[in-house]
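> predicted model follows, preceded by the sequence.
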Amino acid sequence: MTTDTTTQNTPDATTPGAPVLDARGVTMRFGGLTAVRNVDLTVGSGEIVGLIGPNGAGKTTFFNCLTGLYIPTEGEVRYQGDILPPKSFKVTAAGIARTFQNIRLFANMTVLENVLVGRHTRTKEGLWSALLRGPGFHKAEAASRARGMELLEFVGLTDKADHLARNLPYGEQRKLEIARALASEPGLLLLDEPTAGMNPQETRATEELVFAIRDKGIAVLVIEHDMRFIFNLCDRVAVLVQGEKLVEGDPATVQGDERVVAAYLGEPFENAPGAAEVAEVEAAEAHADATTDAAPGKENDR
Ligand SMILES: Nc1ncnc2c1ncn2[C@@H]1O[C@H](COP(=O)(O)OP(=O)(O)OP(=O)(O)O)[C@@H](O)[C@H]1O
Ligand SMILES: [Mg+2]
């Protein structure tokens, strides 16, 4: 794991302003299972915040609570000071956009059309205008397409605008998801495992893309299992374990926290399977060392 937060963070990012997102005491229960328990999290303007944790920790469930997909069982979520509306399309209209862990694109639409779908919360043209296709509609459509192409250029997919989404390689589908999310002109972008399935070059490019998004004034909350990506990118990292926030802090603090290491690797415990074998091997090695040391002429072999 490496930490390289010094070169990439602008002064704005290290001195974040008022919270864009303020989640307090968020709990989500499914029957008897508490997937998220009493989680507080803020994201400031100009910040990139990471959310990490082992599989099943509740990260995606927490995202779903921030986007109106789930109504938290307890707690409240505010975006720019206002409680979130209870429907996901209203949350998008308010300014929170997201990508999905399992890519959700319209496979048989073109790349550009997928981005245009993401713009529907921002276009004023209603159903009648679309059906009648009057001058207002054509003007709005041209503006939308221009903005769509701008976003495709931003994520590096200009050449693929007319390709069907299903024909894009996996890494480019993830980029397209980001372009589609940006099409709603959000103030906060939530990314759920944006580099899953990417090769190291694509991951590095995604890192740069997230910095560029932040530089456009969009706050970012990102879930990722790739620790190098997270610790390079984020101003702050929160760790969820079994639905609870275990640790939160700057990347160096979180990386150095023993509880985080234990949460990922598991703590050694007495009478663990294999403990007897480990003890046997250690005893045999100690015995071998003792006999080697005793043997004449062996001192220089070590
Ligand atoms: N709709 C649901 N109904 C019932 N249980 C659910 C539901 N969604 C999630 N869970 C459960 O909540 C827990 C947290 O799942 P979640 O998908 O949020 O974890 P995660 O941290 O995103 O994991 P991963 O890193 O594998 O994506 C899991 O035990 C999961 O089975
Ligand atoms: Mg998940």
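Ah, there it is. Ligands and ions are numbered 1, 2, ... in the order given.
> backbone torsions only: list them for the nearest residue to Thr110 once chain neighbours are set aside.
In space, Thr110 comes closest to Asp162 once its chain neighbours are excluded; the distance is 5.4 Å by C-beta to C-beta, 6 or more residues apart in numbering. (Glycine included, C-beta is placed from N, CA and C.) The phi and psi values for Asp162, taken as degrees, to the nearest 10, are phi -100, psi 0.
> enumerate the residues of the stretch 1-150 of the chain near ligand 1.
30, 33, 35, 53, 55-61, 101 (C-beta under 6 Å from any ligand atom).
> among these, which are in helices?
59-61 (DSSP state H).
> identify, from those, the entry nearest to ligand 2.
Thr60 (3.1 Å; C-beta to the ion).
> show me where the protein has its strands.
Counting by DSSP state E, the chain has strands at residues 19-30, 33-44, 48-52, 74-79, 82-83, 96-98, 188-192, 219-223, 236-241, 244-249.
> can you convert the ones you listed into a markdown table and add a column each for distance to ligand 2?
Formatted as a markdown table, the strands of the chain follow (distance: least, C-beta to the ion, whole Å):
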| stretch | distance to ligand 2 |
| --- | --- |
| strand 19-30 | 13 |
| strand 33-44 | 10 |
| strand 48-52 | 10 |
| strand 74-79 | 18 |
| strand 82-83 | 25 |
| strand 96-98 | 12 |
| strand 188-192 | 6 |
| strand 219-223 | 6 |
| strand 236-241 | 10 |
| strand 244-249 | 16 |
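> about what we covered before: what subset of the residues of the stretch 1-150 of the chain next to ligand 1 is buried?
For those, a burial check counting by 16 or more other C-beta atoms under 10 Å picks out 35, 53, 57-61.
> how about the residues you listed in TSV, adding pLDDT?
Below are these laid out as TSV (pLDDT from 0 to 100):
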residue	pLDDT
Ala35	98
Gly53	95
Ala57	96
Gly58	97
Lys59	97
Thr60	97
Thr61	98
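> show me the helices in the chain, by range?
Applying DSSP H to the chain gives helices spanning 11-14, 59-66, 88-94, 111-118, 127-132, 135-155, 170-182, 200-215, 227-233, 251-256, 258-265, 275-294.
> could you give the mean pLDDT of the first one?
Per-residue confidence for helix 11-14 averages out to 40 on the pLDDT scale.
> swap in the longest one?
Confidence for helix 135-155, expressed as mean pLDDT, is 88.
> pull the distance from that helix to the chain's centre.
Distance of helix 135-155 from its chain centroid, counting by C-alpha atoms, centre = their mean, to the nearest Å, is 27 Å.
> packing partners for it?
Secondary-structure packing of helix 135-155 (3 or more C-beta pairs under 8 Å, 6 or more residues apart in numbering; DSSP states H and E): helix 111-118, helix 127-132, helix 170-182.
> including distance to Ala288, could the strands of the chain go into TSV?
Shown next, in TSV, are the strands of the chain (distance: least, C-beta to C-beta, whole Å):
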stretch	distance to Ala288
strand 19-30	54
strand 33-44	50
strand 48-52	42
strand 74-79	58
strand 82-83	67
strand 96-98	57
strand 188-192	51
strand 219-223	47
strand 236-241	40
strand 244-249	41
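> for Leu168, which of those is the nearest?
Smallest distance to Leu168 across those (C-beta to C-beta): 17.8 Å, for strand 188-192.
> run through who's touching that closest one.
Contact with strand 188-192 is made by 20-21, 43, 59-60, 63, 66-67, 79, 95-101, 178, 181-182, 210, 213, 218-224, as judged by C-beta atoms under 8 Å, 6 or more residues apart in numbering.
> now it: average pLDDT?
On average, the pLDDT along strand 188-192 is 98.
> which neighbours in the sheet does it have, and how are they oriented?
strand 96-98 (parallel), strand 219-223 (parallel) (DSSP bridges).
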